[in-house]
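Engineer: after the sequence you'll find the predicted model.
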Amino acid sequence: MNRVRLLVLNAALGPLDYKLAEGMAVAPGSVVVAPLGPRTVTGIVWDEGRLPGKQVDASKLRALREIIPVPPISKPLRRLIEWTADYYCAPLASVARMVLSSGGALGGPATMTEYRLSGGVPERMTPQRAAAIEALDGEQGTIRELAGIAGVSEGVLRGLVNQGVIEPVTVAIDRPYPPADPDFHQPALSPDQMAVAKRLVQAVEEQTFEPFLLDGVTGSGKTETYFEPIAAAVRFGRQVLVLLPEIALTENFLHRFEQRFGTPPVLWHSSLKSTERRRAWRAISEGPKNGGAQVIVGARSALFLPYAKLGLIVVDEAHEISFKQDDGVRYNARDVSVMRARFEGIPVVLASATPALESLHMADIGTYTKLELPSRFGGAELPDIKLVDLTKEKPAHGRWLSAPLIEGLEARLAAGEQSLLFLNRRGYAPLTLCRNCGHRFQCPNCSAWLVEHRLSARLACHHCGLETQPPETCPECGEGDCLVACGPGVERIADEVAELFPEARVAVATSDTLGSPERAAEFIAQAEAKAIDVIVGTQLVTKGFHFPELTLVGVVDADLGLEGGDLRAAERTYQQVAQVAGRAGRGEKPGEVLIQTRHPEAPVIAALANGDRDAFYEAETEARRDAGAPPFGRWAAIILSSEDEKEAREAAVRLGDARPHLDDLYILGPAPAPLSLLRGRYRYRFLVNARRSANLQQVLNHWVGGQDFAPGVRVGIDIDPYSFV
């Protein structure tokens with residue numbers, strides 16, 4: 001063909017037509033550079049007839065500038081881009097941008113400078129220089145990396161470079177990754193694990209699309225089990241993608257992976273440097289041969305990378321809400337991973353101890369193949385779960401831990417065992433007010449209170465990221481020494497433990513304290529070395545961690561997740577508490593879980609106490625069926641926002657007046673969003689409840705697309721929402 005249609009990475013432009021320069025040949029999926037006015041744009045050559053728009057007259061076409069030297073985007077990935085854009089009502093260009101997410105990878109071969117010891121001796125030896133030389137023996141990396149390894153400033157190392165003690169080395173950025181060895185270590189699996197692993201290996205060998213729900217209790221060894229089909233895929237020369245919900249889980253997973261395969265996997269997440277992203281992207285696109293990427297472990301964005309020979313997808317902790325993206329393209333990586341596997345014709349494994357109700361329903365109707373690991377590995381028993389009724393066992397005034405929980409902590413400290421206290425609330429206190437005039441500290445950009453963080457001495461908004469120093473006097477009345485912290489966060493619970501048990505070594509585990517893989521690795525090493533007695537953490541500690549000496553889990557406030565307007569509140573509360581309970585008794589010693597609650601009669605709390613997951617899911621399923629909620633119906637949210645409150649309200653009213661009236665569609669709203677001001681924008685919401693018979697996306701696109709909104713109004717559509725703020 002001598003003309004092509006490009007999908008350019010700018011949603012405002014739409015598809016563009018170009019001609020081919022003489023002697024140029026392209027295939028669908030080729031990544032190219034094209035002229036646009038006085039500048040150039042990057043685009044993907046798309047399949048003929050699959051992008052909308054009239055053809056431009058051939059005489060008006062400009063020629064493509066160049067073909068970027070990377071493998072073409074594969075046909076299965078192009079179909080996934082189309083499906084994602086259609087299902088989530090998102091621009092095609094916005095989805096395609098996630099595929100080409102490393103701009104540096106589109107350039108040609110590149111090099112960088114690293115440093116290593118030369119064997120020379122400095123003119124003047126100092127303690128810092130001596131320590132650096134000793135620590136860097138056999139190491140090579142950038143100055144920043146070496147400074148981190150040596151524990152000295154970059155200036156110390158630059159001084160050694162100037163004296164020739166450390167020498168520069170030019171290395172290729174795209175150097176090969178060490179290959180994984182599928183036979184490096186063969187673990188001893190239980191009969192249940194072996195049966196599940198055999199079925200998954202068979203699916204990898206057959207290379208046909210089949211979604212599996214790996215439903216195993218906490219501590220059953222799901223990771224070791226799905227390592228076997230990963231090993232099989234590596235033996236066949238295929239790539240494997242493992243999705244993890246939290247970056248903080250990466251280090252723990254890497255350690256286990258390296259023990260099994262002899263080398264770390266290739267990483268993909270937002271904290272990678274641009275050179276690391278480039279190296280990973282190119283290795284993934286080139287495939288497992290010649291040092292390319294074999295096993296890729298990443299956050300949800302890794303799902304859209306251009307794998308050359310994908311053979312298996314694993315979604316670990318598949319129930320986690322962090323797989324749902326709440327801005328930009330609002331996709332759910334759990335569901336999109338199933339679609340990618342379908343387009344690629346490969347198996348996909350959704351692993352969880354507390355699967356999403358939608359996943360269980362798909363298994364019940366036979367769409368997913370359900371594989372179960374019903375017992376813990378190595379003879380470990382599930383923990384004993386008890387409720388602490390806070391209406392009867394009231395904590396002391398100004399305290400948050402009840403007597404039974406304090407006694408449990410005391411017993412574990414005496415026995416040299418570890419404890420974990422769970423409260424899904426970061427910081428010291430969720431609200432700070434003036435005891436003199438009642439002034440409450442609120443974020444100026446959001447309708448949310450500022451959270452006090454005493455570890456970092458700041459007031460912070462957890463929605464927009466604003467941070468400020470706590471004032472010495474009330475900004476409203478000018479009174480000094482009058483600010484009061486209201487309610488508990490994990491830092492306050494940690495302080496209470498320290499006051500009760502001064503000898504206890506306490507660690508706070510949240511996204512604030514474990515915000516990088518390095519910090520997470522340090523925390524894990526300390527916990528495994530028994531250098532921590534009590535861990536106080538948020539939902540970050542509910543999954544993935546395995547500490548054999550941890551025998552007590554205390555849930556400080558099990559009712560917290562049941563508050564507010566979350567339509568999945570009961571399911572989410574069950575998952576979080578069940579997951580954190582699963583951290584107890586994973587070794588030889590028995591575990592105990594104490595759940596503090598003011599509502600022991602609530603169905604979700606009773607189910608947790610009785611260990612009756614099936615009864616809870618059955619009741620929740622019937623409630624969803626009666627309400628026409630997922631998986632029996634569909635939800636969608638429409639969010640309108642503007643920096644001008646009147647403009648946002650008028651746009652919402654106008655959209656509401658134009659709502660479609662259909663028998664299989666029920667529309668609630670418009671109403672101010674629970675978080676009515678977010679990042680300086682006023683927000684209004686609609687909630688759409690649709691039967692399965694409704695063509696939801698078509699209705700929404702026609703309804704919203706038919707409106708002419710003011711330039712300052714943003715409109716977002718969220719299919720299958722998980723956030724209701």
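Structural biologist: Okay, I see it.
Engineer: and after the worst-scoring helix or strand of the chain on mean pLDDT, which helix or strand comes next?
Structural biologist: Least confident element among the helices and strands of the chain, by mean pLDDT, DSSP states H and E: helix 517-528 (a mean of 84). Per DSSP states H and E, the first helix or strand lying C-terminal to helix 517-528 is strand 534-537.
Engineer: just for the protein, where's the confidence low?
Structural biologist: Low-confidence segments of the chain (pLDDT under 70): 1, 248-249, 544, 564-565.
Engineer: domain-wise, how is it divided?
Structural biologist: Domain assignment for the chain, taken from automatic domain parsing, gives 3-100, 111-172, 191-378, 380-425+488-621, 633-719.
Engineer: what ranges does the stretch 351-500 of the chain have for its strands?
Structural biologist: Secondary structure of the stretch 351-500 of the chain, counting by DSSP state E, counting those that start in this stretch: strands at 369-373, 384-389, 418-422, 431-434, 451-453, 458-460, 467-468, 483-486.
Engineer: so can I have a markdown table of the domains of the chain showing distance to residue 468?
Structural biologist: (Glycine included, C-beta is placed from N, CA and C.) Below are those laid out as a markdown table (distance: least, CB to CB, whole Å):
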| stretch | distance to residue 468 |
| --- | --- |
| domain 3-100 | 33 |
| domain 111-172 | 30 |
| domain 191-378 | 24 |
| domain 380-425+488-621 | 16 |
| domain 633-719 | 16 |
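Engineer: picking that back up, please identify the most buried of the strands of the stretch 351-500 of the chain.
Structural biologist: Highest mean neighbour count of the strands of the stretch 351-500 of the chain: strand 418-422, a mean of 27 (counted as mean count of other CB atoms under 10 Å).
Engineer: helices or strands up against that strand?
Structural biologist: Counting by 3 or more CB pairs under 8 Å, 6 or more residues apart in numbering; DSSP states H and E, the packing neighbours recorded for strand 418-422 are helix 403-415, helix 490-500, strand 534-537, strand 550-555, helix 569-581.
Engineer: coming back round to it: would you mark the buried spots in the least confident helix or strand of the chain?
Structural biologist: Using 16 or more other CB atoms under 10 Å as the burial criterion, the residues of helix 517-528 that qualify are 517, 520-521, 523-524, 527-528.
Engineer: before we move on, what about stretch 186-194?
Structural biologist: Buried, per 16+ other CB under 10 Å, within stretch 186-194: 189-190, 192-193.
Engineer: biggest separation within those residues, which pair?
Structural biologist: 189 and 192 (8.3 Å; CB to CB).
Engineer: give me the phi and psi for the spatially most central residue of the chain.
Structural biologist: In the chain, the residue lying closest to the centroid (CA atoms, centre = their mean) is residue 245, at 3.6 Å. Reported as degrees, to the nearest 10, the phi and psi values for residue 245 are phi -80, psi -20.
Engineer: ranges for the helices of the stretch 201-350 of the chain?
Structural biologist: Using DSSP state H, counting those that start in this stretch, the helices of the stretch 201-350 of the chain run over 222-235, 250-261, 274-286, 333-344.
Engineer: which among these is found nearest to residue 171?
Structural biologist: When the helices of the stretch 201-350 of the chain are compared by CB to CB, helix 274-286 sits nearest residue 171, at 10.4 Å.
Engineer: and that closest one, how far out from the chain middle?
Structural biologist: Relative to its parent chain, helix 274-286 has a centroid offset of 20 Å by CA atoms, centre = their mean, to the nearest Å.
Engineer: other residues contacting it?
Structural biologist: Residues outside helix 274-286 that contact it (CB atoms under 8 Å, 6 or more residues apart in numbering): 70-71, 101-102, 104-105, 107, 110, 112, 173-177, 239, 266-268, 272, 291-293, 296, 305-308.
Engineer: okay, now residue 685: neighbour count?
Structural biologist: 24 (other CB atoms under 10 Å).
Engineer: which residues touch it?
Structural biologist: Applying CB under 8 Å, 6+ apart, the residues near residue 685 are 637-640, 669-673.
Engineer: same thing but at 10 Å, please
Structural biologist: 637-641, 652, 668-676, 716, 718, 721, 724-725 (CB atoms under 10 Å, 6 or more residues apart in numbering).
Engineer: so what strands line up beside the helix or strand hosting it?
Structural biologist: Using DSSP H and E, residue 685 falls within strand 681-691. Strand 681-691 has its sheet partners listed here by DSSP bridges as strand 633-642 (antiparallel), strand 665-678 (antiparallel).
Engineer: show me which positions of it end up buried.
Structural biologist: Neighbour count says strand 681-691 has 681-690 buried, by 16+ other CB under 10 Å.
Engineer: so residue 133: helix, strand or coil?
Structural biologist: helix (DSSP: H, G, I helix; E, B strand; the rest coil).
Engineer: that one touches residue 160, doesn't it?
Structural biologist: Yes - between residue 133 and residue 160 there is a contact under CB atoms under 10 Å: 7.6 Å.
Engineer: what pairs with the nearest residue to residue 628 once chain neighbours are set aside across the strands?
Structural biologist: Nearest non-adjacent residue to residue 628, counting by CB to CB, 6 or more residues apart in numbering: residue 689, 5.9 Å away. Beta bridges link residue 689 to residue 635, residue 666, judged by DSSP bridges.
Engineer: which residues touch residue 689?
Structural biologist: Applying CB under 10 Å, 6+ apart to residue 689 gives the contacts 567, 627-630, 633-636, 664-668, 696.
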